[in-house]
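Colleague: Next one to model:
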Amino acid sequence: MRSRIVVHAYADGAAPGLERVRALGLDSVLCPAKGTSEDVALLLSDELGARLIVAVGMRTTLVEFLDKGRPGMASAFLTRMRLSDKIVEPKA
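Modeller: Numbers count the residues shown, from 1 in each chain. Reported below is the predicted structural model:
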């Protein structure tokens with residue numbers, strides 16, 4: 001399997017990480033999707049066959065989702081429901 005750098009693009013076409021990747025002289029693929037960049041990364045990992053995903057620094061508990069009060073938390077919650085026991089934290 002060939003490695004690729006995937007840059008999340010929002011519904012309005014904005015891709016905040018694209019300039020940084022280009023500045024490093026790297027090729028990338030845009031992935032337009034609703035939701036957060038974390039959601040995109042998790043769903044791509046699942047789609048490509050990951051059996052275990054170690055979530056370092058991600059919001060993982062229901063309390064963390066509710067406390068943030070930010071847009072995108074609904075998609076984060078649904079993504080984690082879909083991936084269920086595939087996601088673990090390093091302390092686990």
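
Colleague: ok so Leu42 is a helix residue?
Modeller: Yes. Assessed by DSSP: H, G, I helix; E, B strand; the rest coil, Leu42 belongs to a helix.

Colleague: how close does it sit to Leu26?
Modeller: 22 Å (Cβ to Cβ, to the nearest Å). (Each C-beta comes from the backbone N, C-alpha and C, glycine too.)

Colleague: Then Gly17?
Modeller: 11 Å.

Colleague: rewinding a little: quick one: which of Leu42 and Leu26 has more around it?
Modeller: Leu42 (23 against 10; other Cβ atoms under 10 Å).

Colleague: hang on, the more buried one packs against Met81?
Modeller: No. Checked against Cβ atoms under 8 Å, the pair Leu42 and Met81 is beyond contact range at 11.3 Å.

Colleague: secondary structure class for the residue nearest to the spatial centre of the chain?
Modeller: Nearest residue to the geometric centre of the chain (Cα atoms, centre = their mean): Glu38, 2.1 Å. For Glu38, the assignment made with three-state DSSP gives helix.

Colleague: how much space between it and Arg2?
Modeller: Per Cβ to Cβ, Glu38 is found 23 Å from Arg2.

Colleague: and the helix or strand harbouring Phe77, average pLDDT?
Modeller: Here Phe77 is covered by helix 73-83, with elements defined by DSSP states H and E. Helix 73-83 shows a mean pLDDT of 82.

Colleague: Which other helices and strands does that helix contact?
Modeller: helix 37-47, helix 62-68 (3 or more Cβ pairs under 8 Å, 6 or more residues apart in numbering; DSSP states H and E).

Colleague: Having no further points to raise, I will conclude here.
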